[in-house]
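# predicted coordinates and the sequence they were generated for:
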Amino acid sequence: MSEKNVNNPTLTEENVVTNVAELMATLDQVKKYNALTSSLKRFALIVIGSLIVFLAVGGSINFLNLVVTLDEPQLFLASILLLLIPISGISIGIYFIRKKVNSIKTGEWKAELSNGFPSALKILTELDWDKTFDEISSGRVGYALYSILKAAAYLTITVFALGLVGNLVTFLFLHQGLLGGPIIGLISLLVVYLLLKKDFSKRYNQIRALDNLLWELRWFSVELRRAEF
């Protein structure tokens, strides 16, 4: 290092290696977010397709007036089986997303970085900063969209579940349907919030971390260009 950088507390060989390790680990995570983003269309198609099948089967049952041929236990069982269609859809969609994300190879930079500062500097000089910024921004947006789609899928299934099971139970025991649309909607929102509360918090914190990372990387790239090693 030059005398200029020896006296520079903000960028030394030691913290360059540390920062590069943290940066590459984060970029590995961003790769997973971008893999998630590329899978969102298929995830949405799987979930929406299962909902269409659910509505088609339910509509066919009502159209053919098959409900009147079932006794109370059979009607309850049929409702539960019907709910398995959208539940299976969202489960398959989430499984597909996780399989896609887990297939991303990470940590390939560790062997090179183990050689210390020269390797860290080589990684930094070969890094396309503009492309990196774009990938982080894309990953952040995709991660947020996945959270929204997942919450919407859970909410839709919960609404149908409460509508079917809730009204069925009240009808069987009270001989009238008591759960109206607004009540079902409010209860569904509460249920989904309780189910995904930790998930919402985790994703919010990770999106904020990506925002902070963008600012830190911009500062780091400027410091790197000014530094003389």
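Perfect, thanks for sending it.
# count the residues that sit near I52.
Other residues near I52 come to 13 when the count uses other CB atoms under 10 Å. Where you see a C-beta, it was placed from the backbone N, CA and C, and this is true even at glycine.
# helix or strand for it, which one?
In this assignment (DSSP states H and E), I52 forms part of helix 13-63.
# next: I97.
Here I97, judged by DSSP H and E, is contained in helix 72-102.
# likewise for R203?
When elements are assigned from DSSP H and E, R203 belongs to helix 181-226.
# show me the contact partners of stretch 185-205.
If you take CB atoms under 8 Å, 6 or more residues apart in numbering as the criterion, stretch 185-205 is touched by 143-144, 147, 150-151, 154-155, 158-159, 162.
# cool, and stretch 133-146?
In this structure, residues lying in contact with stretch 133-146 by CB under 8 Å, 6+ apart are 27, 30-31, 33-34, 36-38, 40, 43, 97, 203, 206-207, 210-211, 213-214, 217-218.
# please repeat the previous calculation with a cut-off of 10 Å.
Applying CB atoms under 10 Å, 6 or more residues apart in numbering, the external contacts of stretch 133-146 come out as 26-27, 29-40, 43-44, 94, 97, 101, 128, 203-204, 206-211, 213-214, 217-218, 221.
# against K32, how distant is K100?
9 Å (CB to CB, to the nearest Å).
# how far does stretch 134-142 sit from its chain's centre?
Stretch 134-142 has its average C-alpha position 13 Å from the chain's average C-alpha position, going by CA atoms, centre = their mean, to the nearest Å.
# report pLDDT for G166.
Taken from the predicted model, the pLDDT recorded for G166 is 68.
# low-confidence bits of the chain, can you list those?
Applying pLDDT under 70 to the chain flags residues 1-12, 63-64, 66-73, 75, 165-181, 220-221, 223-229.
# out of the contacts of stretch 185-205, who's nearest F54?
Proximity of the contacts of stretch 185-205 to F54, judged by CB to CB, is greatest for V159, which lies at 11.7 Å.
# distance-wise, check K122 relative to G116.
11 Å.
# also V57?
Spatial separation of V57 from G116 under the definition CB to CB is 62 Å.
# equivalent analysis for I80, please.
60 Å.
# likewise for A153?
Relative to G116, and taking CB to CB, A153 is found at 47 Å.
# looking at these two, which is more packed in?
Applying other CB under 10 Å to A153 and G116 shows that A153 carries more neighbours, namely 24 against 12.
# thought I92 was touching the more buried one, still the case?
No - under the contact definition of CB atoms under 10 Å, A153 does not touch I92, with a separation of 11.3 Å.
# shared neighbours, the two?
Once CB under 10 Å, 6+ apart is applied, the residues that A153 and I92 both contact turn out to be 43, 46-47, 50.
# what is the burial count for T18?
Here the count is done by other CB under 10 Å, and T18 has 12 residues near it.
# mind checking which of the contacts of stretch 133-146 are buried?
Burial by neighbour count, 16 or more other CB atoms under 10 Å: within those this picks out 26-27, 29-37, 39-40, 43-44, 94, 97, 101, 203, 206-207, 210, 213, 217, 221.
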